[in-house]
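J.: Give me a model of this one.
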Amino acid sequence: MEFSVYFFAADDRQSPRDRYRFILDVARFIDTRGFRAIWVPERHFQEFGGSFPNPSVLAAAIAAVTERVELRAGSVVVPHHHPVRIVEEWSLVDQLSAGRVGLCLATGWHRGDFVFQPGHFADRREYTLDTVDTLRALWRGEEVPFPGPEDSTLSVRTFPRPHQPELPMWLVHTSNPATWLEAGRRDLGVLTLLDSWERLADNIAAYRKERAAAGLDPAGGTVTVGMHTYLGDDEDQVWDVVRDPVRRYLSTFLTQKRSDDSSAAMSDAEQEQLATLVARDFYDRRSLLGTPGKCAEVVERLAGIGVDEVACLVDFGLPFAEVLAGLPRLDALRRACGPAAGRTRPTSPARRLGGYYDQ
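T.: Predicted coordinates:
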């Protein structure tokens with residue numbers, strides 16, 4: 001199992017200077033340890049996650065303080081941008097990082113975000129999928145025709161040329177199972193969150209089958225699952241630390257859904273009650289929150305259903321110092337469950353972590 005770190009909130013109650021220093025500190029740590037990648041999102045007009053309006057700018061800053069870790073957009077909201085601009089920005093980051101860029105493509109869902117391109121809201125999914133081949137062609141250095149002024153057509157070849165000859169890409173999945181089929185036939189990875197173990201296993205199986213039907217290696221492509229992550233030595237202590245941040249995260253997500261769904265007839269009090277009830281199930285079944293042994297069992301289960309990489313969501317409202325102090329425990333989990341450990345130690349990750357902490 002590969003491990004990466006996913007930023008998506010960076011606690012906007014903190015000062016901007018502290019937020020970005022924290023991100024760079026985490027990046028420096030994981031860069032020296034063997035984590036595969038760092039993901040930075042694109043988010044707009046929301047206090048929660050408002051530190052991330054442009055992932056390419058932040059990725060360029062991270063490139064300057066790292067040497068190994070891959071720099072991935074998680075995600076680029078494609079309907080907000082012209083494909084030429086996407087390739088220009090990320091080719092620059094690819095040059096700065098000597099070929100460490102990867103992009104996850106998102107269709108967008110929050111209505112308010114489409115102030116950038118209101119006309120793309122209705123067909124946002126089709127626009128995103130239709131842009132995949134264009135991004136690949138531009139990245140390879142091909143000239144691509146686009147509409148120009150006064151009904152003209154302009155052929156464009158982008159600069160700077162990227163370091164990598166091909167652009168690694170994922171497609172973000174939220175709820176539509178057809179996303180997995182589109183990603184499979186288009187040779188894209190999938191970035192998703194865990195809502196149901198059974199649905200995740202079924203979707204991965206369908207993804208592998210669709211890749212085979214398209215003449216692609218069914219074992220190719222990367223399935224990445226994002227999971228809220230914080231490890232500690234005692235379950236009760238970890239729950240005390242993460243309970244309120246997890247509840248706030250769930251409540252914020254419900255608020256965003258309500259703002260986009262006029263039929264949602266939930267009061268603020270009902271929303272808070274629901275977030276509180278869901279938080280415990282989220283902690284118990286769908287996260288890397290808890291002791292090393294518990295989290296190792298979750299990683300084993302992910303690997304057993306075909307997940308290739310776990311993206312550890314670390315900035316969901318915990319104090320920055322708490323997250324940084326917990327990174328060595330996360331690194332121990334990575335070493336116990338990662339591919340190198342799997343080649344050299346035949347025992348299970350949970351047993352290995354138990355031994356590690358017993359020493």
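
J.: alpha carbons only for contacts and neighbour counts from here, please
T.: Noted.

J.: remind me which residues of this structure are low pLDDT?
T.: Applying pLDDT under 70 to the chain flags residues 10-13, 47-49, 252-277, 340-359.

J.: Which of the helices or strands spans the residue nearest the centre of it?
T.: With distances taken as CA atoms, centre = their mean, the chain has residue 74 as the residue nearest its mean C-alpha position (4.4 Å). Using DSSP states H and E, residue 74 sits in strand 70-77.

J.: For that strand, give me every contacting residue.
T.: Outside strand 70-77, the residues within contact range by CA atoms under 8 Å, 6 or more residues apart in numbering are 6, 36-42, 55-56, 59, 62-63, 100-108, 172.

J.: out of the residues you listed, which are inside strands?
T.: With strands defined by DSSP state E, the entries of those inside them are 6, 37-40, 101-106, 172.

J.: Mind checking which of the residues you listed are buried?
T.: 6, 37-40, 101-106, 172 (16 or more other CA atoms under 10 Å).

J.: and the two most separated of the residues you listed?
T.: Spatially, the most separated pair among those is 37 and 106, at 18.3 Å (CA to CA).

J.: How much space separates the residue lying farthest from the centre of the chain from residue 232?
T.: Most distant from the centre of the chain: residue 150, at 40.0 Å, with distances by CA atoms, centre = their mean. Plainly put, residue 150 is 62 Å away from residue 232 if you go by CA to CA, to the nearest Å.

J.: Then residue 206?
T.: Going from residue 206 to residue 232 by CA to CA gives 36 Å.

J.: just residue 1 next, same as before
T.: 21 Å.

J.: Quick one: the strands in this protein, in order.
T.: The residue ranges that make up the strands of the chain, judged by DSSP E, are 2-6, 37-40, 70-77, 101-106, 144-147, 153-156, 169-172, 189-193, 223-231, 288-290, 309-313.

J.: Just the CA trace of the third one, in CSV.
T.: What follows is strand 70-77 as a C-alpha-only set of coordinates in CSV (Å, rounded to 0.1, in the frame of the first residue of the first chain):
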residue,chain,number,x,y,z
GLU,A,70,4.9,13.8,-6.0
LEU,A,71,2.8,16.9,-6.3
ARG,A,72,-0.8,16.3,-7.1
ALA,A,73,-3.9,18.4,-7.6
GLY,A,74,-6.7,16.9,-5.6
SER,A,75,-8.5,18.2,-7.6
VAL,A,76,-8.5,20.7,-10.6
VAL,A,77,-12.1,21.6,-11.1
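
J.: So what's the gap between that strand and the chain middle?
T.: Taking CA atoms, centre = their mean, to the nearest Å, the mean C-alpha location of strand 70-77 is offset from the chain mean by 7 Å.

J.: coming back round to it: any idea how many residues pack against the spatially closest residue to the residue nearest to the centre of the chain that is not a sequence neighbour?
T.: The spatially closest residue to residue 74, leaving aside those adjacent along the chain, is residue 41, at 4.4 Å (CA to CA, 6 or more residues apart in numbering). Applying other CA atoms under 10 Å, we find 27 residues neighbouring residue 41.

J.: Could you do residue 126 as well?
T.: Once other CA under 10 Å is used to define contacts, residue 126 is seen to have 12 neighbours.

J.: now do the one 4 residues further on
T.: One way to gauge burial is a neighbour count; for residue 130, by other CA under 10 Å, it gives 11.

J.: What of the one 5 residues further on?
T.: By the other CA under 10 Å criterion, the neighbourhood of residue 135 contains 19 residues.

J.: Surely it and residue 87 touch.
T.: Yes. In this structure, residue 135 is within contact of residue 87 by CA atoms under 8 Å, at 6.6 Å.

J.: what sits in contact with each of the two?
T.: Taking CA under 8 Å, 6+ apart as the criterion, residue 135 and residue 87 do not both touch any residue.

J.: hmm, back to that, could you dump the strands of the chain to CSV with distance to residue 50?
T.: Listed next are these as CSV, based on distance: least, CA to CA, whole Å:
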stretch, distance to residue 50
strand 2-6, 15
strand 37-40, 12
strand 70-77, 14
strand 101-106, 17
strand 144-147, 32
strand 153-156, 33
strand 169-172, 19
strand 189-193, 20
strand 223-231, 18
strand 288-290, 24
strand 309-313, 16
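
J.: Out of the ones you listed, the one nearest residue 112 is which?
T.: Proximity to residue 112, assessed across these by CA to CA, is greatest for strand 70-77 (13.1 Å).

J.: ok, the closest one: who's next to it in the sheet?
T.: Strand 70-77 pairs in its sheet with strand 37-40 (parallel), strand 101-106 (parallel), by DSSP bridges.

J.: need those strands in a markdown table with distance to residue 187, can you?
T.: What follows is the strands paired with strand 70-77, written out as a markdown table (distance: least, CA to CA, whole Å):
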| stretch | distance to residue 187 |
| --- | --- |
| strand 37-40 | 20 |
| strand 101-106 | 13 |
